[in-house]
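Trainee: predicted model and sequence below, questions to follow.
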Amino acid sequence: MAFVLIGLALLLVLLPEKHASKQLKPEQLLQEINDNTRYMTTDEVAEKLIYGDAYLQLIDVRSADNFQKFHLKGAVNIPLDSILNKDEKGNYEYEDILNQDVKTNVFYSNGTVYANQAWILLRRLNFKNNYVMKGGLNRWIETVIQPQRPLQTASQEEFYLYNFRRAASMFFGGGSVSSVPAEDNTPAPIIKKKGGKKEEEGGC
Amino acid sequence: MGPLFTASDEWSFVIALVIGIAFGYLLESAGFSSSRKLAGVFYGYDFVVLQVFFSAAITAAVGLLFFEYFGWIDLSAIWVNRFYTGSAILGGAIMGFGFVIGGFCPGTSACASAIGKIDAMLFLGGFIIGVVIFDAFYPFYEKFYKSGNQGPIKIYESLGMNREVFLLLFVVFAIFAFVATAYIQQRVSQKSKKY
């Protein structure tokens, strides 16, 4: 009997990890969806990029065409429709990137919805270290590339944030950014409308 | 394979009663209603308590891990008590003294009372009085009771070990304990024969 038990325990050690990547329970997933800790703001992402955070991994979940047209610095493209692709062995093709302990993955799309869908799919598979850039590229343009000057009555924090965003705008947008305050009244509202609409429609 | 009954199910009490009766029956069948047998582990003449509980623990652990491997059970859904360091140490000491002095643990005292043992009935009475006193003065030691809360931690987690490797070592240790206690028991019984 003793040898049987030792043999069975040894077998457990030697068995391949069949159920190692266990799916998250729906109740826990719902709780994580509601607590909103997956979001990273565009300002946080900008700061990490400016300081050259080596642990940041941006993941563009839009189509390859859109990625070619424009993407954030250092981003890799894993389109949403191929995020669950499997290789010949049946493992997830992108698991090395999407489920690891070293880097912080931040998904983005044009809005928030597609990035959120990617996050939910991967969280269901219990993949860790994944976040979503809230508002996506629309919000990135609004806040980082073309920040709006706060009202005169705004708090000091808002002005600090505005100054940071202007500096970030210069870092990412180049020379044209210096004219952003002068153009504040014209293009910004248009971008804002786009952002708002798309966010509600599905963020694509 | 989901739970056969949910926690809120009215069948929970019926199932608890059936399991309780089965547990009591098995304790009595194994001779655990005898305080001499139970206290034997402290004096070295009878290690059946240690052997029964150790073999139950390793059999259940190996079985549960296989069940999980085959997808028949979700171990993450099983409730694990929180570990409070302070009350675990003090509670363990009180339980140990109670066991060696009274010759019963709470479960076996109920089992022995059911077959009419007077010492077990007295033990059970003391046990109930202790529960009432604990409840009445709970606010005084609540802080200590909840001190050192480490959450539902498991031994292999606190040691930073792989679960399966820990189980293998535990099984080997249990079997070593069986052999060692059998040897001690033999020596003690030989000595007692001499005198």
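Mentor: In hand now; what should we look at?
Trainee: quick one: low-confidence ranges for chain A?
Mentor: A:17-22, A:174-204 (pLDDT under 70).
Trainee: show me the domain layout of it.
Mentor: For chain A, whose domains are defined here by automatic domain parsing, the residue ranges read A:21-139, A:144-201.
Trainee: between the ones you listed, which one is nearest to B:Val80?
Mentor: Set against B:Val80 and scored by C-beta to C-beta, the domains of chain A come closest in domain A:21-139, at 15.5 Å. Quick note: C-beta positions are derived from backbone N, CA and C, even for glycine.
Trainee: re earlier: to chain B, which of the domains of chain A lies closest?
Mentor: Proximity to chain B (C-beta to the nearest C-beta) singles out domain A:21-139 among those, at 7.3 Å.
Trainee: and B:Leu124, how many neighbours?
Mentor: When neighbours are defined as other C-beta atoms under 10 Å in any protein chain shown, B:Leu124 has 20 of them.
Trainee: the domains of chain A: which one's closest to B:Ala60?
Mentor: When the domains of chain A are ranked by distance to B:Ala60, counting by C-beta to C-beta, first place goes to domain A:21-139 at 20.9 Å.
Trainee: next one: that closest one to chain centre, how far?
Mentor: 4 Å (C-alpha atoms, centre = their mean, to the nearest Å).
Trainee: buried residues in the longest helix along chain A?
Mentor: As far as residue count goes, and with DSSP state H defining each element, the longest helix of chain A is helix A:156-173. Of the residues in helix A:156-173, those buried by neighbour count under the rule 16 or more other C-beta atoms under 10 Å in any protein chain shown are A:Leu161, A:Tyr162, A:Phe164, A:Arg165, A:Arg166, A:Ala168, A:Ser169, A:Phe172, A:Gly173.
Trainee: quick one: which two of these are the most distant?
Mentor: Comparing every pair within the buried residues of helix A:156-173 by C-beta to C-beta identifies A:Leu161 and A:Gly173 as the most remote, at 16.8 Å.
Trainee: just the helices in chain A please.
Mentor: A:2-14, A:26-35, A:42-50, A:64-69, A:95-98, A:113-124, A:136-140, A:156-173, A:180-183, A:187-201.
Trainee: deepest-packed of the ones you listed, please.
Mentor: Most buried of the helices of chain A, by mean neighbour count (mean count of other C-beta atoms under 10 Å in any protein chain shown): helix A:136-140, with a mean of 24.
Trainee: distance of the closest residue to B:Val188 other than its chain neighbours relative to B:Ala174?
Mentor: By the measure of C-beta to C-beta, 6 or more residues apart in numbering or on different chains, the closest residue to B:Val188 outside its immediate chain neighbours is B:Gly44, 4.3 Å from it. As defined by C-beta to C-beta, to the nearest Å, B:Gly44 lies at a distance of 18 Å from B:Ala174.
Trainee: now the helix or strand hosting B:Ile21: buried residues?
Mentor: In this structure, B:Ile21 is located in helix B:11-29 according to DSSP states H and E. Along helix B:11-29, the positions that meet the burial threshold by neighbour count (16+ other C-beta under 10 Å) are B:Gly24, B:Leu27, B:Glu28.
Trainee: let's have the domains of chain A in JSON lines, adding distance to chain B.
Mentor: Putting these into JSON lines (distance: least, C-beta to the nearest C-beta, whole Å) gives the following:
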{"stretch": "domain A:21-139", "distance to chain B": "7"}
{"stretch": "domain A:144-201", "distance to chain B": "35"}
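Trainee: which of the ones you listed sits closest to B:Lys117?
Mentor: When those are ranked by distance to B:Lys117, counting by C-beta to C-beta, first place goes to domain A:21-139 at 46.0 Å.
Trainee: gap between A:His98 and A:Trp140?
Mentor: In this structure residue A:98 is Leu, not His. Using C-beta to C-beta, A:Leu98 is found at 22 Å from A:Trp140.
Trainee: now do B:Phe123
Mentor: As for B:Phe123, its distance to A:Trp140 is 71 Å (criterion: C-beta to C-beta).
Trainee: also B:Leu159?
Mentor: Separation of B:Leu159 from A:Trp140 (C-beta to C-beta): 45 Å.
Trainee: try A:Leu11
Mentor: 52 Å.
Trainee: ok, A:Ile78 next?
Mentor: Computed with C-beta to C-beta, the distance linking A:Ile78 and A:Trp140 is 18 Å.
Trainee: could I get the helices of chain A as CSV with distance to B:Gly98?
Mentor: As requested, these are arranged in CSV below (distance: least, C-beta to C-beta, whole Å):
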stretch, distance to B:Gly98
helix A:2-14, 31
helix A:26-35, 40
helix A:42-50, 56
helix A:64-69, 69
helix A:95-98, 53
helix A:113-124, 47
helix A:136-140, 63
helix A:156-173, 61
helix A:180-183, 76
helix A:187-201, 64
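Trainee: tell me which of these lies nearest to B:Phe170.
Mentor: helix A:2-14 (8.0 Å).
Trainee: name the residues of chain B found near chain A, please.
Mentor: Taking C-beta under 8 Å from any C-beta of the partner chain as the test, the list of chain B residues beside chain A reads B:58-59, B:62, B:65-66, B:68-69, B:71, B:74, B:76-77, B:162, B:164-165, B:167-168, B:170-172, B:175, B:178.
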